[in-house]
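J.: test case, fold it:
(one chain, ligands or ions: 2)
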Amino acid sequence: MAEQARVVGSLPVANVQELAEACNAGVDDDQQVPERYLSKDPSTEEVVARACVIPVIDLHKLQDPQTSEEECAKLASACLNWGLFQLINHGVPDEVTRNLMNDVVEFLKQPLQAKKECSQQADSLEGYGPAFVVSEDQKLEWADMLYLQVHPSESRELRFWPTRPASFRRSVDVYSLEGRELAYRLLEFMAKGVGADPASLRGVFQGQTQGMRVNYYPPCRQQADRVLGLRPHTDVGGLTLLLQMNHDVQGLQVRKDGKWFAVQAVDGALVVNVGDVLEIVSNGRFTSVEHRAVIHPTKERISVALFHNPYQNTVVGPLPEFMKGDKVRYRSTNYQDFLKLYFTAKLDGRKHVERLKLEQ
Ligand SMILES: O=C(O)CCC(=O)C(=O)O
Ligand SMILES: [Fe+2]
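T.: Numbers count the residues shown, from 1 in each chain. Ligands and ions are numbered 1, 2, ... in the order given. Below is the predicted model:
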């Protein structure tokens, strides 16, 4: 039952990279993808794939006094109506993202046995393996992941960190710092965009805890339209920065007004999305976005998500700065309890923050 769900560790399941190699190598097109991976019915859903619909925000314009006000308003509107945008001119040097991606690829290219040195263990959500499998009959995702707690540095569990390639840790360090600074800057512009004190959101994420997840989605030749790389979910925390390799492979989709929208990646952009904590502390001025990852029949895809979360004992509730003249729309909880609710809601396939909404 979902209420008794374990919130740490996944049950062991097949490595998807290996499974995909076996399935895709079959000479016969009827080579079967195991039933547990077939979780999607393409005939019952509508997917919109127009390139122009997802908002694009320009960090240069946010910073330039001439254009800042207008771009901040555009940012706030993107965070309310979509909960997601693509960020261009984000200032993270190409070299930093390239080094990280090269190291991620090097790690993934190793034989399974070598990657298993970083395998998940029953006592932790971190490490290399599947995403959050808690029951034997749960549908499975067509992806392998490497989840690491990266900040603050004393929270790192180095037993899960790859030692090969040797540059992996340094690449993560450099990218993680860039990501934290960028996330902080964006929080200020978001607050400004709704007329709140620019410093107001930063407090919730003071000393930010930061997690990083590498998602590896192998191709699925036989039934790409019936498997999911990541099932629909919202991210739990503040801002997520998503770096995508293979910009030509469409994978991320977001739900809006009952439809799925394909996020056609803008080359060089970072995708930024709003998590549940931000929806609540902003009293609904920003919306956490439901999203999922779909699979390509012949091409692999890799993404790296950086999650920015509050400390465990932070009280998560609407901030006065965001309630001026407005009703309190969400119940406050401490972040520990918030996380427990998140994991049970995730298993039920429901948007977690709905449970904390107050009757209006
Ligand atoms: O790979 C993607 O496009 C989505 C990743 C994601 O949503 C996540 O890691 O939480
Ligand atoms: Fe996500």
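J.: C-alpha from now on. contacts and neighbour counts both.
T.: Fine.
J.: ok, Asp248 - contacts?
T.: Ala265 (Cα atoms under 8 Å, 6 or more residues apart in numbering).
J.: just the helices in the stretch 101-250 of the chain please.
T.: 112-115, 168-193 (DSSP state H, counting those that start in this stretch).
J.: can you give me the neighbour number for Asp144?
T.: Asp144: 24 surrounding residues under other Cα atoms under 10 Å.
J.: quick one: it and Pro130 touch, right?
T.: Yes - with contact defined as Cα atoms under 8 Å, Asp144 counts as touching Pro130 (5.2 Å).
J.: shared neighbours of those two, anything?
T.: By Cα under 8 Å, 6+ apart, the residues touching both Asp144 and Pro130 are Asn15.
J.: need the residues of the stretch 101-250 of the chain near ligand 1, please.
T.: Proximity of the stretch 101-250 of the chain to ligand 1 (Cα under 6 Å from any ligand atom) is limited to residues 213, 215, 235.
J.: now Val214: how far from Tyr175?
T.: Val214 is 13 Å from Tyr175, where distance means Cα to Cα, to the nearest Å.
J.: in the chain, which residue is most central in space?
T.: Centroid-nearest residue in the chain, with Cα atoms, centre = their mean: Ala305, separated by 5.1 Å.
J.: I'd assumed it was in a helix, is it?
T.: No - with DSSP: H, G, I helix; E, B strand; the rest coil as the criterion, Ala305 is assigned strand and is not in a helix.
J.: now do the phi/psi pair for the closest residue to ligand 1 within the chain.
T.: Closest residue of the chain to ligand 1, Cα to the nearest ligand atom: Leu252 (4.0 Å). In terms of degrees, to the nearest 10, the main-chain angles of Leu252 are phi -80, psi 130.
J.: what's across from it in the sheet?
T.: Ala293 (DSSP bridges).
J.: show me the contacts for it.
T.: 262-263, 291-294.
J.: quick revisit: could the residues of the stretch 101-250 of the chain next to ligand 1 go into a markdown table alongside distance to Gln17 and neighbour count?
T.: Output for those, formatted as a markdown table (distance: Cα to Cα, whole Å; neighbours: other Cα atoms under 10 Å):
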| residue | distance to Gln17 | neighbour count |
| --- | --- | --- |
| Arg213 | 16 | 20 |
| Asn215 | 11 | 25 |
| Asp235 | 24 | 23 |
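J.: tell me which of those residues is nearest to Ala22?
T.: The closest of these to Ala22 turns out to be Asn215 (Cα to Cα; 19.6 Å).
J.: for that closest one, give me its contacts.
T.: So Asn215 contacts 143-146, 302-305 (Cα under 8 Å, 6+ apart).
J.: how about it: what's its closest non-neighbour residue?
T.: Residue nearest to Asn215 in three dimensions, not counting chain neighbours: Met145, with 4.7 Å by Cα to Cα, 6 or more residues apart in numbering.
J.: about what we covered before: so Val214 and Tyr175 - more neighbours on which side?
T.: Between Val214 and Tyr175, Val214 has the larger neighbour count (other Cα under 10 Å), namely 23 against 20.
J.: was I right to think that one contacts Ala305?
T.: Yes - between Val214 and Ala305 there is a contact under Cα under 8 Å: 6.5 Å.
J.: how close does Arg292 sit to Gly317?
T.: Taking Cα to Cα, one finds Arg292 at 26 Å from Gly317.
J.: more crowded one of these two?
T.: Gly317 (23 against 19).
J.: contacts only, for the residue lying closest to the more buried one once chain neighbours are set aside.
T.: Take Gly317 and drop its neighbours on the chain: the residue closest to it by Cα to Cα, 6+ apart is Ser332, 4.1 Å away. Residues in contact with Ser332 (Cα under 8 Å, 6+ apart) are 315-318, 356.
J.: make it 10 Å
T.: Ser332 is in contact with 280-281, 315-318, 338, 356-357, counting by Cα atoms under 10 Å, 6 or more residues apart in numbering.
J.: got it, and Pro55?
T.: Pro55 neighbours (Cα under 10 Å, 6+ apart): 74-75, 77-79, 81-87, 263.
J.: tell me how far it lies from Ser39.
T.: 29 Å.
J.: what ranges in the stretch 1-150 of the chain fall below the confidence cut-off?
T.: Residue ranges of the stretch 1-150 of the chain with pLDDT under 70: 1-9, 26-31.
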